[in-house]
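# I would like the atomic coordinates for the input below:
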Amino acid sequence: MIKKNRSFILLVIASVLLAACGGAASTAELPQATQPSAPRAAPTPAPTQPPAAVAPAQEIVVLQWTEYIDPEVYSLFEQETGIHVIEDNISSNEEVLAKLQGGASGYALMFISDYNVGIMIEQGLIAKLDLANIPNIVNLAPRFRELPYDPGNTYCAAYQWGTTGIGYDPLQVERPESWSVIFNPDPASPTYGRVTMLDDPREAFSAALLFLGFDINTTDEAQLKDARDLLIRAKPGLAGYDSDTFEDLVASGENMMAHGWNGDFLQVQEDNPNLEYTIPREGGVIWVDNMCVPYNATPEQKLAAEMFIDFILRPDIGAMISQYNYYASPNQAAEAELGEEFLSDPIVYPPQEVLDRLQYIRPVGEAEALYQRLWDEVKSAQ
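Coordinates of the predicted model:
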């Protein structure tokens with residue numbers, strides 16, 4: 001398990017600055033654990049330059065998850081291109097979807113998960129990429145250039161990928177082998193009332209459906225109502241629903257366990273080196289986050305966003321981002337700069353026996369409204 005090392009990160013940042021100055025998814029569809037390979041020379045990236053035909057916007061706003069990108073990436077991009085990036089934080093995919101459905105404008109780029117990409121493509125909320133402006137797209141591993149929801153990167157480029165499971169402090173609690181620690185809690189247990197679940201309808205329902213033995217993408221109303229009832233029964237044992245600070249609350253000892261994303265727990269090991277993460281035996285979620293341009297971005301915003309995507313897909317920047325947020329990179333060219341310790345961490349790059357227990361969240365068409373209605377019932381239940 002990797003411990004966050006700020007001195008190492010500063011060395012990485014320094015080196016980059018110097019350079020700048022000069023249903024159940026089939027196993028075959030899952031990103032496979034990247035095995036450490038013999039070091040190879042990463043291609044020397046060319047400075048990101050705008051095409052001559054259109055002048056890029058000099059300032060763009062991006063919809064991004066909290067603490068998901070090293071802020072220095074924005075500074076380096078601005079130094080090289082003159083384009084200033086403003087980050088507007090989000091807490092769920094549904095929030096982004098609601099913004100765009102409601103006609104929100106002014107955003108040049110959004111970082112969204114796989115199933116939401118499929119939904120937003122279907123609803124016409126994502127612009128097609130001009131891959132001529134993103135030559136570094138070739139740095140993505142082949143499996144991330146042919147994702148089932150966007151083959152050929154027509155609309156989006158993969159950003160990071162990871163898993164959803166349970167983070168915990170082994171000095172406080174035993175390793176949670178099953179989702180039963182959340183759904184069949186012991187009121188006498190010290191964890192009772194000191195556990196959180198993600199404030200995310202599809203993630204929360206996925207955990208409940210896994211525990212019940214159902215497909216996490218089921219559209220069967222009876223199964224979904226069973227999952228709703230299970231989530232409601234679990235509420236007394238929860239401290240709440242939280243997608244923003246769950247890892248910090250476990251690291252500080254305020255809570256003892258949390259349903260959450262793997263990299264977030266690794267990020268706070270600096271505060272609590274004992275923190276661990278596991279996928280329960282019933283399984284968990286695997287996801288790919290993507291960089292996509294909203295349908296209503298202006299040509300100038302779209303060009304600037306595509307330049308930023310190209311910048312992120314450089315090997316040095318891709319490695320810098322993964323070393324910051326501790327998520328697996330889809331950027332194959334960045335592997336040479338990530339190092340064996342990172343690539344062999346089973347929490348970041350799960351082994352095959354763990355991958356076999358993971359499922360993608362997928363679009364469920366008209367049943368999305370059913371999920372949302374049942375989630376509202378969970379949240380409002382007393």
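# surely Arg175 and Ile279 touch.
No - look at Arg175 against Ile279 with C-beta atoms under 8 Å: they stay out of range, at 11.1 Å. Where you see a C-beta, it was placed from the backbone N, CA and C, and this is true even at glycine.
# looking at the two, which is more packed in?
Ile279 (24 against 11; other C-beta atoms under 10 Å).
# is the more buried one in contact with Thr163, as I believe?
Yes - counting by C-beta under 8 Å, Ile279 does reach Thr163; the two are 6.4 Å apart.
# and after the host helix or strand of Leu210, which helix or strand comes next?
When elements are defined using DSSP states H and E, Leu210 is found to belong to helix 201-212. Scanning forward in sequence from helix 201-212 by DSSP H and E, the next helix or strand is helix 221-234.
# gap between the residue nearest in space to the middle of the chain and Ser344?
The centre of the chain sits closest to Asp289, judged by C-alpha atoms, centre = their mean, with a distance of 4.8 Å. Distance, Asp289 to Ser344, using C-beta to C-beta, to the nearest Å: 22 Å.
# so what's Glu300 closest to, chain neighbours aside?
Distances taken as C-beta to C-beta, 6 or more residues apart in numbering put Ala57 closest to Glu300, at 4.1 Å, once the chain neighbours are dropped.
# what do Ile279 and Thr163 both touch?
Pro350, Val354, Leu358 (C-beta atoms under 8 Å, 6 or more residues apart in numbering).
# ok, the second one - contacts?
It refers to Val354. With C-beta under 8 Å, 6+ apart, Val354 has these contacts: Thr163, Ile279, Pro346.
# how's this protein carved up into domains?
For the chain, automatic domain parsing gives the domain ranges 6-21+52-160+288-349, 163-286+359-380.
# check what pLDDT Ala19 gets.
On pLDDT, Ala19 comes in at 38.
# scan the chain for its longest strand.
When every strand of the chain is counted residue by residue (DSSP state E), the longest turns out to be strand 156-168.
# got the angle for that strand vs helix 201-212?
With axes from the mean of the first three to the mean of the last three C-alpha atoms, to 10 degrees as the basis, strand 156-168 and helix 201-212 are set at 50 degrees to each other.
# chain center to strand 156-168, what's the gap?
4 Å (C-alpha atoms, centre = their mean, to the nearest Å).
# which is the next helix or strand following it?
helix 180-183.
# what is the following helix or strand past that next one packed up against?
Per DSSP H and E, the first helix or strand lying C-terminal to helix 180-183 is strand 195-197. Using 3 or more C-beta pairs under 8 Å, 6 or more residues apart in numbering; DSSP states H and E, the elements in contact with strand 195-197 are helix 180-183, helix 201-212, strand 240-241, strand 257-261.
# quick check: closest non-adjacent residue to Tyr168.
Met257 is the one closest to Tyr168 (C-beta to C-beta, 6+ apart), at 4.4 Å.
# correct me, but the one you found touches Val181?
Yes - here Met257 lies in contact with Val181, judged by C-beta under 8 Å, at a distance of 6.7 Å.
# overlap in contacts, those two.
Contacts common to Met257 and Val181, judged by C-beta under 8 Å, 6+ apart, are Ile166, Thr191, Val195.
# which SS state does Ala57 fall under?
Per DSSP: H, G, I helix; E, B strand; the rest coil, the secondary structure class of Ala57 is coil.
# got a list of what it touches?
Contacts of Ala57 by C-beta under 8 Å, 6+ apart are Ile83, Ala108, Thr298, Glu300, Gln301, Leu303, Ala304.
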